[in-house]
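Chemist: Let's see this in three dimensions:
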Amino acid sequence: MDKIERINQRDIINAIENKFNKHEKLVTDSHPSYTAFAKTLGLEHVKFISKNHKAETGENVQYINNIANRLDAFINHNLKGVATKYLPLYTSYFAFIEKNILYIFNNKITSNTKVWDRFTNIEKMYERLIKTKSNI
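Modeler: Residues are numbered from 1 along each chain as shown. Below is the predicted model:
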C-alpha cells in the first residue's frame, strides 16, 4: 500500500494558487509547505501551533474545521461513503446544499410560503443543475 504523504508547496500552488489576492491573509499551522507557498505568492502568513488551532493574534481555523467536519459527516453518514472519483461531485453537492440552506433560512423563511417545498426538493434542484450546467 502506498503511503499518503503531506502535501508540498507544489501541490498547494496547483490546487489554490489562483484563489488568493495579495490583500488576503493565509492562516495555517507552521508546516514549511505553507510558509513557502505564502512566500511565493507574497501573502501575509499567520502561523499557529496545530494543537491550539489558534494564532497568538487571534486568527483561528475553527470555521474551516467546522466545515470539514460537516462535509465528513455528510459523506460518511448521509451518503454512507462515496467513490473517490466522485468526490468532486459530492463536495459540490455539499456546497450547493449548504448555500441553499443558508439562503432559505436567512432570507426566505418568513417571507416565502414555499420554503419547505424548496428545502425538501434540494436534491431534485441539484440534479437539474448538474444536468443543465455540468460538462460532465
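
Chemist: Show me which positions of stretch 123-136 end up buried.
Modeler: Residues of stretch 123-136 classed as buried under the neighbour-count rule (16 or more other CB atoms under 10 Å) are Y126. C-beta: built from backbone N, CA, C; applies to glycine.

Chemist: again, but for stretch 50-67
Modeler: Residues of stretch 50-67 classed as buried: 55, 61 (neighbour count, 16+ other CB under 10 Å).

Chemist: quick one, helices of the chain?
Modeler: Applying DSSP state H to the chain gives helices spanning 9-16, 32-41, 62-73, 87-103, 115-120, 122-133.

Chemist: between the first one and helix 32-41, what angle do the directions make?
Modeler: It refers to helix 9-16. Angle between the axes of helix 9-16 and helix 32-41 is 60 degrees (criterion: axes from the mean of the first three to the mean of the last three CA atoms, to 10 degrees).

Chemist: I'd like the distance from helix 9-16 to the chain centre, please.
Modeler: When distances are taken as CA atoms, centre = their mean, to the nearest Å, helix 9-16 is centred 16 Å away from the chain's centroid.

Chemist: residue contacts, I75?
Modeler: 81-82, 90, 94 (CB atoms under 8 Å, 6 or more residues apart in numbering).

Chemist: run the last query once more with 7 Å
Modeler: 81-82, 90 (CB atoms under 7 Å, 6 or more residues apart in numbering).

Chemist: Tell me which helix or strand in this protein has the weakest average pLDDT.
Modeler: Lowest on mean pLDDT, DSSP states H and E among the helices and strands of the chain sits helix 115-120, with a mean of 69.
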